[in-house]
Structure formats: C-alpha cells, structure tokens
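# can't give you the sequence, but here's the structure:
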C-alpha cells in the first residue's frame, strides 16, 4: 500500500506536468517540462525495499545553445533594424528627385546665373541671382537643421533605450533573487519562462552574455564584459555626452561604449557618433566649398560700377558649421561682378560663374556629383542594413523554430498524448474488471 | 497440478504511474492469462494440498488488493485525462446573427469519449 500511495503521487505529478505544458503552450519564454521517473529498489524479502516508483526532478527541455543562438540573432537584428530606421529618417533630408532639395536649388541658382550672363547689366537678372542664392543657402540650412534634429532624436532614443535596458536588468535581478531564495524554485517553469522572456527582450537592445549559475540565477554581462546583473544585484548603465559624442557609462563611470556594437543601442551609437558626423561633415564641405568658389569667382571681377566687389555673396561660420550658417551677405545686386577686370559692362565673370556648375571643384567632382556621392553613400548603407535586417529576421525565425522543436509545447501532441492515455486507462480498467471477476470466481472455487 | 500463487500487479501499477498504459495493459493481460490457466486447472478438478490451497487463497487475496490499488490508479488517471480533454475543447457558441462558430482546429475533432 505504501508503494501504491507513492505511485499515486507520481501519477499525479506526471499529469500535472502535462497540464502545465498545455496551459503554457503560448507563454513567452516557456520551455516544455518533463518529469523523470526513478524505479525504487525491490526486494521481496525485505520490507524496506518494497519497489514501486518515485518521481525524479522535473527537467526543462530548454537548450542553452539554442537560446544563445536566438539572442545572438536578436542582437544583430536589433542593430540592423535600428540603423535601417535611422538611415531611412535622414534619407528624406537628401532627396534625389529632380528639382528638389539641394541639387534642385543648385540647378536653379546656375540657371539664374546663366540668364544673368546673357544680360549682365539687367537689374531683374541680378536680383534673381541674389534671390536664388538666398534660397540655396536656406536649403542648406534646412538640411543641417534636419540632421541636427535627427541627432537630437538619436540622443533621446539612446536615453530611452538605456532606461529600457536598466528596467529589464532590474527585473532579471529580481527574478534571480526569487530563484536564489528557494533553490527548489530553480525548476519553477513559470519563473524560468519569465526570466527567459526578459532575456530575449533585452537581446534586442544590447548584446550580452548570460551565464547560468549554480544557485539558479543568471549573470548578465553587457558586451560580454560589463557586469549588469549578478545574482540579485544590478549595475545600471547610463548615457553621457562627451564633446558631442555619446558614451555609455557603467555604474563606476567607466566608458564602455566600445564594447557595445550590436543591438539597438549599438545601432544608435554608431549612427549618432560615427555616421551622422560624417554626413554632416560632407554637407558642410559641400556648403563651404560651394560658397568659397562662388565668392572667389565674383571677387575676381568688377561690379556694375566698375569697382571690385566690396562684399562676398555668401557668408558662413565654419566653426559652427557651414551648412547651418550659410547665408547671403548684405550685398546689393549692383555689387555682383559680371564683368572681368578691364572689361566694364562685360559678362566674362558671370560666364566663369556659370561654368562652375560643370567644374570639378570637390576633389574632381562637381557640386552635383559630390552631393550624389553623399546620398549614394547613405543609400548604399541603408540598402545594406535593409538586407541585413531581412536576413536577421529570417535567421531569427529559423532559430525560434529550432527552439520550438526542441523545447516548445505542441498542443496537438499534448492533446493526442491525453487521448492515448485516456484510452489506455479505460482499457486497463476493463481488463481489471475481468480480473476482479475471475479472482472472485477462483476464491469461490477454493472456498 | 495448479500453481499455488496468483500473479503480481506491481509492474502494472508502476507502468500506470509512468503513464505507460500500453505496458500496463501487457502486464494485466499476462495476469489475465495466468488466472485463466489457474481457473481452468481448478475447474478440471485438480486438487492442491491443504497448505498450498491456503497459500493460493492468501495470494489471491493479495492479488485482489493489488487489483483494487491498480483500479484506483486507472480511475484517477482517466478522470484527469477527461478533465483536461474537456478543458482543451475550443470556445464555441452562437453569434448574434444565429451562426454557430467555433475556433476548432484538428486536435479538437478528436473524440475523447470512450
């Protein structure tokens, strides 16, 4: 009877595990649980070894390597998705549609210069050149403002992402504490699934290494080196702005930026600290080079009064940024130098300015070609990240499918298992009924 | 000469607790054959010495006790399965427009009734 009572408990436990699997079939992070069974020693001549069966520990079907593969794919996918989003945002700042954006304004400027070179002394043509120059300067200003806004948003997103990471590491530390408090909870499938759901969420934001400990806790190291969670202790990270570049700082104030190169945090850092400064620098180079070349050509001629120009057409502050500060000076239309020195009333200088449109003044490239190279660079990087994002999404799906096959709960399998069990128990009951009848008959014969 | 002991159901009980119902059935069928042989032998008029007859009777009483325990295990397992089978049934009902709808998928078409 002792053996039977124990067997009853084992049966109950086995079925409870099946029940728990079915309940959690759709729970994020849940891994199928299995109960192991251990046969007791059996010796018919000894009352202390009466046989029967004992249930062993409930084991999780979770595979640490498959989990790590899912996290790794999430790190890379988070990085590609993050960069794709940010590059798509700034791609709108550099339109390639004919007649729009900076190249459209450059074309319109040179069109007015061309008209002016035909009628160098016409006041309307001169006025048009000034108006177009002002409009071109404003377009550069707007592009710089857009990049500045994008930088500001990236900075804000860095702060938000760090907050999310800290919230998740706090939750992981709390779960670790619960698992450490009671070691038997180490096998608590509910806590285990919550922990792994949090780790998977964290893997989108930052790359980390998770090391399971003997006490049931999981230690998390950001970038594989910086301790974020050990047991129930957590070390939050923070964002610092150092000379315009953003840094990720650990709880001791150490700069750990170089360790973070994947996840959404890695994407934001690369965008904000590396890519955006490059694009802003090229935009400034274009604005400054364009303004300098136009000013130099105009300063080489004489104005409507036959005098050397007193003012430049364009002005900018290179220290702040040529694109953001580009403007026209207080130059009057009469001060525009259309004629060459010694040729008052002529158009030689205006023609030289018109030729600037096809001159390779940016390391052999025209202004339009330099702009095209800048936008092509952004477009190529965007295409790379779109392809990466798509690839990582497929890889993630594959990794998740492998995990589902290894440790997921297939509700159809569990339902079929229940059906088979039920029929088996029914058949056993019928055979037992016959056995009971036969036993009674035999006892009747013997008596 | 009939055997003087009834078969044991220990293995069948272990199999039931391991949810190995097929194994349990095999052990039960073996016990059934054993009892059938014993019954046939006794009905043919074979007689046992008095001591062995008492031993067989005790053995059959023990077997009946084991059978009762195994029956409890089977009833409990069956009840559990039926309970869970009911909970796996999909939500279904009549909509406002009178159409009966169900989220049934393949697994729900399995009948768990005997």
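That came through fine. Because the structure is a prediction, the values reported are computed rather than measured. Residues are numbered from 1 along each chain as shown, chains lettered A, B, ... in the order given.
# pLDDT weak spots in the stretch 1-150 of chain A?
Applying pLDDT under 70 to the stretch 1-150 of chain A picks out residues A:1-8, A:35-58, A:98.
# Show me the helices in it, by range?
Secondary structure of the stretch 1-150 of chain A (DSSP state H, counting those that start in this stretch): helices located at A:2-23, A:64-91, A:101-118, A:123-181.
# for chain B, same thing?
Along chain B, the segments classed as helices by DSSP state H run B:10-17, B:21-43, B:50-87.
# need the contact list for the closest residue in space to residue A:392 that isn't next to it in sequence.
Once flanking residues are discounted, residue A:392 sits nearest to residue A:77: 3.5 Å by Cβ to Cβ, 6 or more residues apart in numbering or on different chains. To be clear about C-beta, it is placed using only N, CA and C from the backbone, and glycine gets the same treatment. By Cβ atoms under 8 Å, 6 or more residues apart in numbering or on different chains, the residues touching residue A:77 are A:204, A:389, A:392-393, A:395-396.
# Next: residue A:255.
Contacts for residue A:255 (Cβ under 8 Å, 6+ apart) come out as A:240, A:242, A:247-249.
# if I look at it, how far off is residue A:27?
39 Å (Cβ to Cβ, to the nearest Å).
# ok, residue A:328 touching residue A:133?
Yes: under the criterion of Cβ atoms under 8 Å, residue A:328 makes contact with residue A:133 at 5.0 Å.
# what residues are shared contacts of the two?
Counting by Cβ under 8 Å, 6+ apart, the contacts common to residue A:328 and residue A:133 are A:313-314.
# Now for the residue of chain B found nearest chain A: which residues touch it?
Closest to chain A within chain B is residue B:21: 2.3 Å, counting by Cβ to the nearest Cβ. Contacts for residue B:21 (Cβ under 8 Å, 6+ apart) come out as A:420-421, A:423-425, A:427-428, B:15, B:77.
# The residues you listed in strands, which ones?
With DSSP state E as the criterion, strands contain none of the contacts of residue B:21.
# Dump those to CSV, plus neighbour count and distance to residue A:340.
CSV is the format used below for the contacts of residue B:21 (neighbours: other Cβ atoms under 10 Å in any protein chain shown; distance: Cβ to Cβ, whole Å):
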residue, neighbour count, distance to residue A:340
A:420, 14, 100
A:421, 24, 101
A:423, 16, 105
A:424, 23, 105
A:425, 24, 107
A:427, 18, 110
A:428, 27, 111
B:15, 25, 108
B:77, 27, 106
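# where's the nearest residue to residue A:275 once chain neighbours are set aside, which helix or strand?
Spatial nearest neighbour of residue A:275, chain neighbours left out: residue A:381 (7.2 Å); criterion: Cβ to Cβ, 6+ apart. Element membership of residue A:381, judged by DSSP states H and E, is helix A:367-407.
# how far off helix A:101-118 does that helix point, in degrees?
Here helix A:367-407 runs at an angle of 170 degrees relative to helix A:101-118 (axes from the mean of the first three to the mean of the last three Cα atoms, to 10 degrees).
# roughly how far is helix A:367-407 from the heart of the chain?
Centre-to-centre, helix A:367-407 and its host chain are 11 Å apart (Cα atoms, centre = their mean, to the nearest Å).
# Check stretch A:165-176 too.
Between the centre of stretch A:165-176 and the centre of its host chain there is 20 Å, according to Cα atoms, centre = their mean.
# which residues sit against it?
So stretch A:165-176 is contacted by A:191, A:194-195, A:198-199, A:201-202, A:205-206, A:216-218, A:220, A:222, A:228-229, A:231-237, A:265 (Cβ under 8 Å, 6+ apart).
# Among those residues, name the ones in helices.
Using DSSP H, the members of the contacts of stretch A:165-176 that fall within helices are A:191, A:194-195, A:198-199, A:201-202, A:205, A:265.
# Put together JSON lines for the residues you listed, with distance to chain B, pLDDT and neighbour count on each row.
JSON lines is the format used below for the ones in helices among the contacts of stretch A:165-176 (distance: Cβ to the nearest Cβ, whole Å; pLDDT from 0 to 100; neighbours: other Cβ atoms under 10 Å in any protein chain shown):
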{"residue": "A:191", "distance to chain B": "24", "pLDDT": "83", "neighbour count": "17"}
{"residue": "A:194", "distance to chain B": "23", "pLDDT": "88", "neighbour count": "20"}
{"residue": "A:195", "distance to chain B": "27", "pLDDT": "90", "neighbour count": "23"}
{"residue": "A:198", "distance to chain B": "29", "pLDDT": "94", "neighbour count": "22"}
{"residue": "A:199", "distance to chain B": "30", "pLDDT": "94", "neighbour count": "22"}
{"residue": "A:201", "distance to chain B": "29", "pLDDT": "93", "neighbour count": "18"}
{"residue": "A:202", "distance to chain B": "33", "pLDDT": "95", "neighbour count": "28"}
{"residue": "A:205", "distance to chain B": "35", "pLDDT": "96", "neighbour count": "25"}
{"residue": "A:265", "distance to chain B": "40", "pLDDT": "96", "neighbour count": "30"}
